[in-house]
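1. Take a look and give me a structure for this.
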Amino acid sequence: QEEVTITPETTGEATDPKLTQRFGSLASAAVGQDATFTLSNEVVQIEFSSRGGTPHAAVLPNYNRYGSDEPVVLWQPDQSEISVLFEFNEVNRPLSLNEFHFTVERQNEKELVLVSSTSDGKRMIWSHQLNGSQLKSNLSFEGFGYDLGDEYALSWNAEGISNEKGLEWERQHSSIYYKEEGQGRYYLNDGRADEFESETSLEWVAFKQNFFSAIVSTASGFDSGSMLTTLVPEEDSLVTMQYAALLPFQAQTIGDRTAATFNFYFGPNEQDALVATGLNEADRIIDYGWWIFGWVNRNAILPLYQLLSNYFVSAGIIILIITLIIKMALSPITWKNFKSSAKMRVLRPEIDALTEKFGDDAMGKQQATMALYRQTGVNPLAGCLPGLLQMPILYAMFRFFPANIDMRGQSFLWADDLGAFDSI
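-> Numbering: from 1, shown residues only. Below you'll find the predicted structure:
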């Protein structure tokens, strides 16, 4: 499906001296008509621009924006762009693929091949292959000989669109996530302006919104010196965050062909879908909490939720059942805590009597109190330890439900969205 719109400034003669001065022998590839091309399946619809041949928009038809029948759009198309920067020895500046026009060479349900050609036989080719939520994009330069430099970079700027209930809450769960080689998943500050320059290569980079992400990776990783930036447009009520990434990468040259491959993911922050990308720790884009809280959610709460979801349709009922199961599992600890508190209440008159007896003699009071505890078999710490043991599980549940995409848009009783905090 092709939709063509002619833009006046993109038409002209390839022999125009100004074009030749800007692009050298690539001038003829800079002339053309603006158009969009689409690849889609049951889970994602990706629109590509003839300017640069890269993804222009990504729509998820199975998810709707909060309070609307409109599908989720991952970023604002008019304010976002993906491009590749490269060196061309005929001109004294880096060129962007978005300065050149691409046309369709071949297209079917799963593949789109776009080509930008010059009058002297140079070709820039994108081969996009769609599989589920994943897009494999092969870029190649053919016929350039020694005219290409050694430095390449993927440039990606995007404005996230608000899709959830409560803009501030959505912003607090939006950021750029990334993984450096040999290290764990990390991220820029959620909901705040931040920036980062990598000292080692990056395995992948994700523009994350609350329940959805756009991820890019390469087999060899992005080079050190990659720049990541987030900004919060406080005056714009429709945009969650402005994302920017400048990602240097290595291209492979064999004969007269230079090529690189990018792997994109456009989809929900859903455990199995992120694991299916094959990217190490990509599933940790889902913020189930840090340290032991995240471990409890991934290894206890999530498997339990997935098991119950096979038998119950209502997310609210599943929450109630999980709460009851955890309460039952913690009941021995709760009972021990109750017994310890009861014993302390029984001993309270005797402890008060010791306080009156010893007055200002703190040492004598402490020794007498400990002797009383030993005599009655009471452990004063027994009431604290059960509470400490319960805390990771209870806090993990607090983090689990707002992060689980299955809760998104699910209503129960008076709550219209279990994936967001209830509003009063």
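
2. measure the nearest residue to residue 47 once chain neighbours are set aside to residue 250 for me?
-> Nearest non-adjacent residue to residue 47, counting by C-beta to C-beta, 6 or more residues apart in numbering: residue 57, 4.2 Å away. C-beta coordinates here come from the backbone N, C-alpha and C atoms, glycine included. Note on residue 57: its distance to residue 250, by C-beta to C-beta, to the nearest Å, is 28 Å.

3. between those two, who's got more neighbours?
-> Neighbours per residue (other C-beta atoms under 10 Å) separate residue 57 from residue 250, with residue 57 holding more: 19 against 15.

4. What strands flank whatever helix or strand residue 154 lives in, and is each parallel or antiparallel?
-> Residue 154 belongs to strand 148-161 when elements are defined using DSSP states H and E. Note on strand 148-161: by DSSP bridges, its sheet partners are strand 81-88 (antiparallel), strand 239-249 (antiparallel).

5. What are the contacting residues of the shortest one?
-> Contact partners of strand 81-88, identified using C-beta atoms under 8 Å, 6 or more residues apart in numbering, comprise 23-24, 26, 52, 54-56, 94-98, 139, 141, 144, 147-157, 260.

6. Repeat the analysis, applying 6 Å as the threshold.
-> 52, 54-55, 94-98, 149, 151-157 (C-beta atoms under 6 Å, 6 or more residues apart in numbering).

7. Filter the residues you listed down to just the buried residues.
-> Among the contacts of strand 81-88, those classed as buried by 16 or more other C-beta atoms under 10 Å are 52, 54-55, 95-98, 152-157.

8. Kindly indicate which of the residues you listed lies nearest residue 320.
-> residue 55 (41.3 Å; C-beta to C-beta).

9. Correct me if wrong: the closest one contacts residue 46.
-> Yes. Assessed by C-beta atoms under 6 Å, residue 55 is found in contact with residue 46 at 5.3 Å.

10. if we can go back for a sec, out of the contacts of strand 81-88, which is nearest to residue 413?
-> Taking those together and measuring to residue 413 by C-beta to C-beta, the closest member is residue 55, at 40.3 Å.

11. which residues touch the closest one?
-> 46, 48, 82.

12. low-scoring pLDDT stretches of the stretch 251-400 of the chain, where are they?
-> Applying pLDDT under 70 to the stretch 251-400 of the chain flags residues 377, 379-387, 389.

13. Kindly state the beta-bridge partners for residue 107.
-> Applying DSSP bridges to residue 107, the residues it is bridged with are residue 112.

14. begin at 20 from here
-> Okay, using 20 as the starting number, the last item reads as residue 126.

15. and residue 80, how many residues sit next to it?
-> Neighbour count for residue 80, taken as other C-beta under 10 Å: 13.

16. What of residue 136?
-> 20.

17. Show the contacting residues for the residue lying closest to it once chain neighbours are set aside.
-> Closest residue to residue 136 apart from its sequence neighbours, by C-beta to C-beta, 6+ apart: residue 142 at 5.1 Å. Counting by C-beta under 6 Å, 6+ apart, residue 142 touches 134, 136, 161, 162.

18. 10 Å - rerun?
-> 48, 124, 134, 135, 136, 159, 160, 161, 162, 163, 276 (C-beta atoms under 10 Å, 6 or more residues apart in numbering).

19. sorry, back to before: what about the strand holding residue 173, average pLDDT?
-> Per-residue pLDDT over strand 167-180 has a mean of 93.

20. which residues touch the following helix or strand past that strand?
-> Counting by DSSP H and E, the next helix or strand C-terminal to strand 167-180 is helix 186-190. Residues from elsewhere that reach helix 186-190 (C-beta under 10 Å, 6+ apart): 85, 179-183, 209-211, 228-230, 251-253, 255-260, 421, 438-440, 442.

21. ok, and for helix 186-190, which residues are buried?
-> Buried residues in helix 186-190 (16+ other C-beta under 10 Å): 188, 189, 190.

22. After it, which helix or strand is next?
-> strand 194-199.

23. Report all helices and strands that the next helix or strand after that following strand contacts.
-> Sequence-wise, the next helix or strand downstream of strand 194-199 (DSSP H and E) is strand 204-206. Strand 204-206 makes packing contacts with strand 194-199, strand 213-216, strand 221-227 when contacts are defined by 3 or more C-beta pairs under 10 Å, 6 or more residues apart in numbering; DSSP states H and E.
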